[in-house]
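Chemist: give me a 3D structure for the following:
(one chain, ligands or ions: 1)
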Amino acid sequence: MKVRITADRDYTIGEVSPRIYGSFIEHLGRAVYGGIYEPEHPQADDQGFRKDVLALVQELGVPIVRYPGGNFVSGYRWQDGTGPREMRPRRQELAWNSIEPNLIGIDEFQEWARRAGSEVMMAVNLGTGGVEDARDLVEYCNFPGGTALSDRRRANGFEKPFGIRTWCLGNEMDGPWQIGHRTAEEYGRIACEAAKAMKMTDPSIELIACGSSSSSMPTFGEWETTVLKHCYNEVDYLSLHSYYGNRSGNSAEFLACSRDMDRFITDVKAICDAVKAIRHSDKTMYLSFDEWNVWFHSNEQDKQVEKWTVAPPLLEDVYTFEDALVAGCLLITLLRHCDRVKIACLAQLVNVIAPIMTENGGRAWAQTIFYPFRDASRYGRGTALDCKVDCPSHDGGAYGETPCAEAVALLSGEELTVLAVNRSLTDSALLELDLRGLGKPELMEHRQLWNEDLKAVNTADAPDTVAPSQGDGKALRPHSWNVLRYKLKEEA
Ligand code: AHR
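Modeler: Here you go, the predicted model:
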């Protein structure tokens with residue numbers, strides 16, 4: 001088959017915000033303890049952070065990391081994680097039925113993020129917490145000094161403010177599983193009041209209101225509309241969350257699931273713009289897709305995990321090659337909406353539904369989904385072009401007739417990058433580029449992720465089973481992720 005991509009310098013989607021390549025660390029399972037932090041590990045640095053994990057995070061290229069949850073944040077007292085470690089309480093953690101030792105809190109995490117080359121995207125507790133706790137945390141983190149809270153931070157060893165720019169107003173407050181779950185009216189009100197107080201404390205911050213925790217929530221649509229009617233003026237982004245899994249065993253259908261993400265973003269954009277019109281507002285509401293990934297492999301084994309232990313092995317999905325292709329399709333979808341999606345977070349980063357896995361006391365390695373993320377984060381920069389992708393389609397099961405290729409083109413100076421997934425399970429795709437005055441493309445590199453076995457995985461013993469290789473620049477192999485990098489030369 002053929003895939004023909006037509007692009008023109010004058011037809012663009014928008015600039016790619018680097019923060020579209022964010023990720024997420026929650027106090028959940030072994031993400032923090034045994035993941036980023038393990039003071040007894042041979043690779044621990046002076047703060048107890050694992051250097052092997054830091055190196056992989058740096059390689060991945062993650063400009064922003066959401067913290068500390070997730071469901072965890074809705075029962076979290078941020079003060080528990082500050083001050084001398086020996087004074088910090090151990091607590092029953094109700095979101096994941098674990099024990100939280102509070103050895104890591106915002107003081108340590110912002111230092112970890114600095115070492116990783118990331119900024120922190122901080123979530124406040126709007127489940128059991130309220131306006132006061134939320135604005136207190138902003139003062140603790142961002143006020144220079146001379147107040148009780150900022151001086152407490154300084155006494156804890158952090159003279160300079162953390163300068164955390166981006167804040168989430170709670171997490172998945174539409175979900176009945178959430179501690180302190182609220183109706184849209186209740187959440188809209190508290191989000192508005194927390195937002196006002198937080199911005200009074202530090203007017204430079206940006207705020208994200210909770211949208212729906214998936215497009216399949218019964219309250220989807222109504223939730224966004226009601227919440228935004230309350231806080232449209234006070235917030236800067238609305239969040240979206242979505243997880244996918246190959247539950248039916250139908251790979252063609254699974255590879256088509258990015259169509260759901262595409263539809264979700266399109267619908268949320270429309271809702272935001274409807275509220276904008278109702279409000280007679282000039283402000284555009286941007287989107288923060290701050291949880292996305294494949295999540296289903298670990299669902300059954302998680303039911304067996306012992307409760308009330310510290311850092312139990314929860315949500316440890318072992319990702320297949322097929323999952324990496326889905327991650328690639330999802331990344332392309334986010335890029336195709338980069339005019340509105342300004343922040344996105346691969347959920348999560350280490351051990352918990354993560355591109356990076358570790359053994360306690362042992363090795364760290366890259367899962368299959370690591371590679372499309374790393375490629376996109378490295379090369380998926382610049383201006384996304386509104387290109388036309390012509391290719392055959394096939395049956396995507398529940399997602400309907402689905403194009404065999406998912407692709408986006410990005411222009412950065414005189415370089416053009418095409419990110420593409422060939423969804424066909426049987427046919428390779430000959431690539432044709434029609435660049436309409438962009439110049440003559442000279443191939444610099446064709447990186448691909450391909451494996452004969454859709455179910456191939458990487459493990460500690462075989463970490464390179466699924467790893468990138470070079471393509472021929474002409475064809476996209478059946479079921480493959482591809483990065484084609486061109487230098488644009490002037491036409492003769
Ligand atoms: O990422 C795992 C969980 O998924 C998060 O804690 C929650 O926000 C979502 O339901």
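Chemist: tell me which residue of the stretch 251-400 of the chain lies closest to the ligand.
Modeler: Residue nearest to the ligand within the stretch 251-400 of the chain (CB to the nearest ligand atom): residue 347, separated by 4.3 Å. For glycine as for every other residue, the C-beta is placed from the backbone atoms N, C-alpha and C.
Chemist: quick check: closest non-adjacent residue to that residue.
Modeler: Counting by CB to CB, 6 or more residues apart in numbering, residue 291 is the residue found nearest to residue 347 once chain neighbours are left out, at 4.0 Å.
Chemist: what's the pLDDT at the one you found?
Modeler: pLDDT, residue 291: 98.
Chemist: pretty sure it sits against residue 244.
Modeler: No - between residue 291 and residue 244 there is no contact under CB atoms under 8 Å: 11.7 Å.
Chemist: quick one on the thing from earlier: give the next helix or strand downstream of the host helix or strand of the residue nearest to residue 347.
Modeler: Using DSSP states H and E, the element containing residue 291 is strand 286-294. The helix or strand immediately downstream of strand 286-294 is helix 299-302, counting by DSSP H and E.
Chemist: is the ligand contacted by that following helix?
Modeler: No - under the criterion of CB under 6 Å from any ligand atom, the ligand is not reached by helix 299-302; the shortest gap measures 11.0 Å.
Chemist: quick one: average confidence on that helix?
Modeler: 97.
Chemist: and the stretch 301-450 of the chain, which residues reach the ligand?
Modeler: So far as CB under 6 Å from any ligand atom goes, the stretch 301-450 of the chain lies against the ligand at 347, 348.
Chemist: thinking again about what came up before, tell me what the residue nearest to residue 347 is bridged to.
Modeler: Residue 291 forms beta bridges with residue 241, as assigned by DSSP bridges.
Chemist: can you pull out the strands in the stretch 351-492 of the chain?
Modeler: In the stretch 351-492 of the chain, the strands defined using DSSP state E, counting those that start in this stretch lie at 356-358, 364-366, 383-385, 388-390, 393-395, 401-403, 405-412, 415-422, 429-434, 440-450, 469-470, 475-476, 480-489.
Chemist: contacting residues around the residue nearest to residue 347?
Modeler: With contact taken as CB atoms under 8 Å, 6 or more residues apart in numbering, residue 291 is in contact with 24, 70, 239, 241, 242, 243, 345, 347.
Chemist: so what's the residue count around the first one?
Modeler: Here the count is done by other CB atoms under 10 Å, and residue 24 has 29 residues near it.
Chemist: try the last one
Modeler: As a burial measure, the neighbour count of residue 347 was computed by other CB under 10 Å and equals 25.
Chemist: now swap in the fourth one and tell me
Modeler: Other residues within reach of residue 241 by the criterion other CB under 10 Å amount to 25.
Chemist: I figured it hits residue 172, correct?
Modeler: Yes - using CB under 8 Å, residue 241 is in contact with residue 172, at 6.5 Å.
Chemist: show me the common contact partners of those two, please.
Modeler: Here residue 241 and residue 172 have residue 213 as joint contacts, going by CB under 8 Å, 6+ apart.
Chemist: domain map for this protein?
Modeler: 18-381, 388-489 (automatic domain parsing).
Chemist: most tightly surrounded among those domains?
Modeler: Burial of these is given as mean neighbour count (mean count of other CB atoms under 10 Å); domain 18-381 ranks first at a mean of 20.
Chemist: average pLDDT across the helix ranked longest in the chain?
Modeler: The helix spanning the most residues in the chain, taking DSSP state H as the definition, is helix 258-278. Mean per-residue pLDDT for helix 258-278: 98.
Chemist: now tell me what touches that helix from outside.
Modeler: Outside helix 258-278, the residues touching it (CB under 8 Å, 6+ apart) are 211, 214-215, 221, 224-225, 228-229, 232, 238, 240, 242, 244, 281, 283-285, 287, 289, 292, 326, 329-330, 332-334, 336-337, 340-341, 396, 399-400, 402, 406.
Chemist: return it as PDB; C-alpha atoms alone will do.
Modeler: Extracted in PDB, the C-alpha atoms of helix 258-278 (Å, rounded to 0.1, in the frame of the first residue of the first chain):
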ATOM      1  CA  SER A 258      -6.200   6.700  19.400                       C
ATOM      2  CA  ARG A 259      -9.400   7.600  17.400                       C
ATOM      3  CA  ASP A 260     -11.100   7.700  20.800                       C
ATOM      4  CA  MET A 261      -8.500  10.100  22.100                       C
ATOM      5  CA  ASP A 262      -8.900  12.200  19.000                       C
ATOM      6  CA  ARG A 263     -12.700  12.400  19.500                       C
ATOM      7  CA  PHE A 264     -12.300  13.100  23.200                       C
ATOM      8  CA  ILE A 265     -10.100  16.100  22.500                       C
ATOM      9  CA  THR A 266     -12.300  17.400  19.700                       C
ATOM     10  CA  ASP A 267     -15.400  17.200  22.000                       C
ATOM     11  CA  VAL A 268     -13.700  18.900  24.900                       C
ATOM     12  CA  LYS A 269     -12.400  21.700  22.700                       C
ATOM     13  CA  ALA A 270     -16.000  22.200  21.500                       C
ATOM     14  CA  ILE A 271     -17.300  22.300  25.100                       C
ATOM     15  CA  CYS A 272     -14.600  24.800  26.100                       C
ATOM     16  CA  ASP A 273     -15.500  27.000  23.100                       C
ATOM     17  CA  ALA A 274     -19.200  26.800  23.900                       C
ATOM     18  CA  VAL A 275     -18.600  28.100  27.500                       C
ATOM     19  CA  LYS A 276     -16.300  30.700  26.000                       C
ATOM     20  CA  ALA A 277     -19.100  32.000  23.800                       C
ATOM     21  CA  ILE A 278     -21.700  31.900  26.700                       C
END
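Chemist: give me the contact list for stretch 463-475.
Modeler: Stretch 463-475 has contacts (CB under 8 Å, 6+ apart) with 321, 324, 363, 365-366, 368, 371, 375, 428-431, 443, 445-451, 456-459, 477, 480, 482, 484.
Chemist: quick one: end-to-end length of that stretch, please.
Modeler: End-to-end distance of stretch 463-475 (CA to CA, to the nearest Å): 27 Å.
Chemist: against residue 178, how distant is the residue nearest to residue 76 when sequence neighbours are not counted?
Modeler: Using CB to CB, 6+ apart and skipping residues adjacent in sequence, the residue nearest residue 76 is residue 125, 5.2 Å away. Between residue 125 and residue 178 the computed distance is 11 Å (CB to CB, to the nearest Å).
Chemist: can you check residue 241 too?
Modeler: To residue 178, residue 241 is 12 Å away according to CB to CB.
Chemist: need the contact list for residue 341.
Modeler: Counted by CB under 8 Å, 6+ apart, residue 341 has contacts 17, 20, 265, 286, 287, 288, 289, 334.
Chemist: just grab the bridge partners of it for me.
Modeler: Going by DSSP bridges, residue 341 forms beta bridges with residue 287.
Chemist: setting aside sequence neighbours, what's the nearest residue to the residue in the stretch 51-200 of the chain positioned nearest to the ligand?
Modeler: Closest contact between the stretch 51-200 of the chain and the ligand, by CB to the nearest ligand atom, is at residue 70 (2.8 Å). What sits nearest to residue 70 in space, not counting adjacent residues and going by CB to CB, 6+ apart, is residue 26, at 3.6 Å.
Chemist: hang on, the one you found packs against residue 76?
Modeler: No - applying CB under 8 Å as the test, residue 26 and residue 76 come out as separate, 10.1 Å apart.
Chemist: how about residue 140, phi and psi?
Modeler: Phi and psi for residue 140, reported as degrees, to the nearest 10, are phi -60, psi -40.
Chemist: how far away is it from residue 152?
Modeler: To residue 152, residue 140 is 7 Å away according to CB to CB.
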